[in-house]
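**Student:** The following comprises the amino acid sequence and a computationally predicted model.
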Amino acid sequence: MNKIPNYALYGETAQPVWHESLHVEQISQRSGAHNWEIAAHRHDGLLQLLYLQSGSGEVLFDSERVQVCAPCVVYVPAQVVHGFHWAGKVEGQVITAAQPPLESIAQVLAPNLLAPIRKPQVIALPLWPAEEDPLLPLCLALREEYHNRAREHVASSMALLLTLMIQALRHTQETPDLAHRPASRRSQQLTGFRELVDRHYREHRPLGFYASELGMTLATLGRLCQEHLGMTPMNVINARLVLEAKRVLGHSDASVKAIAHELGFADVGYFSRFFRKQCGVSPTAFREDKPG
């Protein structure tokens, strides 16, 4: 797992800017084409939500493997290495969406959702009668937005996705999620590193700070990230900076200079060069290319 591919959708090259804010398909459409096996990969700015309606299998989250069985929701936030090994044919819906706009909406309307939006989890669901299923109509409405691309389809899609997340997360009080599962030591270390990055990425701390906080050497931290995330520790920090930069660029009127300072860059020119290197476009071009 030294080289983990980064995709927009599995098997498709990642796009550096907005392009597709939403993609909806049947789980069987892509997994079936790959013999029910999706190898480890990641999405830098995209989340995935799978509503598994029938079947079972194994899900990889970074270094942790979790058995899943329908009905359940499998949620994968941006940057988490994940893969799927289905036990034969499965059915359900898979929604891939840009995470920054969802975080922006949640920050205003549902700040308690920011933490769940940033962590992988499996949510077991009740066996609803078909007519009482609260999730499937939302998935189908998202599919309609994806295919029709009507006016303000991105805003409508994000509102539906937020509702879908809320409906799914309401069941976490009744069923245990990954936070309640015994985690391996490596998984705990990766989670600890990600949590530290979330708290300090704006401060541009040296890697030694993170290694010290985690009680490990720089070499150990490097091996941990490379073996299980396919990235260097600095790549992880930079990806978090870019995710936040995209969110603020796309969903605020702040100047590029103000955003650079908010993200801890003393010089707006350096921020612009950093952003272009990571995303392939300047901050201004990224903002101008966002969907309407």
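**Tutor:** The structure has been received and is ready for your questions.
**Student:** just so I have it, where are all the strands in the chain?
**Tutor:** Taking DSSP state E as the test, the strands found in the chain are 22-26, 37-41, 46-54, 56-61, 64-69, 72-76, 82-86, 91-98, 121-124.
**Student:** nearest to C139, of the ones you listed?
**Tutor:** strand 91-98 (4.1 Å; CB to CB). Heads up, the C-betas are built off the backbone N, CA and C, glycines and all.
**Student:** Okay, buried residues for the closest one please.
**Tutor:** Across strand 91-98, burial judged by 16 or more other CB atoms under 10 Å covers G92, Q93, V94, I95, T96, A97, A98.
**Student:** And stretch 248-266, by the same measure?
**Tutor:** Applying 16+ other CB under 10 Å to stretch 248-266 flags V248, L249, G250, H251, V256, I259, A260, H261, L263, F265 as buried.
**Student:** Let me know the pLDDT of the fifth one.
**Tutor:** Per-residue pLDDT puts V256 at 95.
**Student:** was I right about it contacting V268?
**Tutor:** Yes. Between V256 and V268 there is a contact at 6.1 Å, judged by CB atoms under 8 Å.
**Student:** Next, count neighbours for the residue nearest to T172 when sequence neighbours are not counted.
**Tutor:** Excluding its sequence neighbours, the residue lying closest to T172 (CB to CB, 6 or more residues apart in numbering) is I123, at 5.7 Å. For I123, the count of nearby residues is 23 (other CB atoms under 10 Å).
**Student:** i'd like the first residue to be 43 from this point on
**Tutor:** Yes, from this point I'll number from 43; that puts the last item at I165.
**Student:** who does I165 bridge with?
**Tutor:** V115 (DSSP bridges).
**Student:** need the contact list for L249.
**Tutor:** Contacts for L249 (CB atoms under 8 Å, 6 or more residues apart in numbering) come out as L260, L263, P275, M276.
**Student:** Okay, helices next: where are they in this structure?
**Tutor:** Here the chain has its helices, by DSSP state H, at 69-73, 141-151, 156-159, 178-190, 195-211, 227-242, 249-256, 260-271, 275-293, 298-304, 310-321, 325-330.
**Student:** Mind putting the ones you listed into a markdown table with distance to E106?
**Tutor:** Supplementary listing: the helices of the chain in a markdown table, determined by distance: least, CB to CB, whole Å:
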| stretch | distance to E106 |
| --- | --- |
| helix 69-73 | 20 |
| helix 141-151 | 20 |
| helix 156-159 | 17 |
| helix 178-190 | 26 |
| helix 195-211 | 20 |
| helix 227-242 | 4 |
| helix 249-256 | 17 |
| helix 260-271 | 9 |
| helix 275-293 | 17 |
| helix 298-304 | 33 |
| helix 310-321 | 27 |
| helix 325-330 | 33 |
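**Student:** Pull the contacting residues for the residue nearest to P113 when sequence neighbours are not counted.
**Tutor:** Of all residues not flanking P113 in the chain, L167 sits nearest, at 4.3 Å (CB to CB, 6+ apart). Residues in contact with L167 (CB under 8 Å, 6+ apart) are P113, C114, V115, L177, A210, H213, T217.
**Student:** circling back to that earlier point, biggest separation within the buried residues of stretch 290-308, which pair?
**Tutor:** Checking these with CB to CB, the most distant pair is H293 and F307, at 19.0 Å.
**Student:** can you list the weak-confidence ranges in the protein?
**Tutor:** For the chain, applying pLDDT under 70 flags the ranges 43-62, 215-225, 332-334.
**Student:** Quickly list the domain ranges of it.
**Tutor:** 64-222, 227-330 (automatic domain parsing).
**Student:** residue contacts, the spatially closest residue to H189 that is not a sequence neighbour?
**Tutor:** Distances taken as CB to CB, 6+ apart place V66 nearest to H189, at 7.9 Å, with adjacent residues excluded. With contact set as CB under 8 Å, 6+ apart, V66 has these partners: Q135, V136, I137, T138, C181, L184, R185, Y188, H189.
**Student:** Against A197, how distant is the residue nearest to the fifth one when sequence neighbours are not counted?
**Tutor:** Nearest residue to C181 in three dimensions, chain neighbours excluded: Q135, at 4.1 Å (CB to CB, 6+ apart). Per CB to CB, to the nearest Å, Q135 is found 21 Å from A197.
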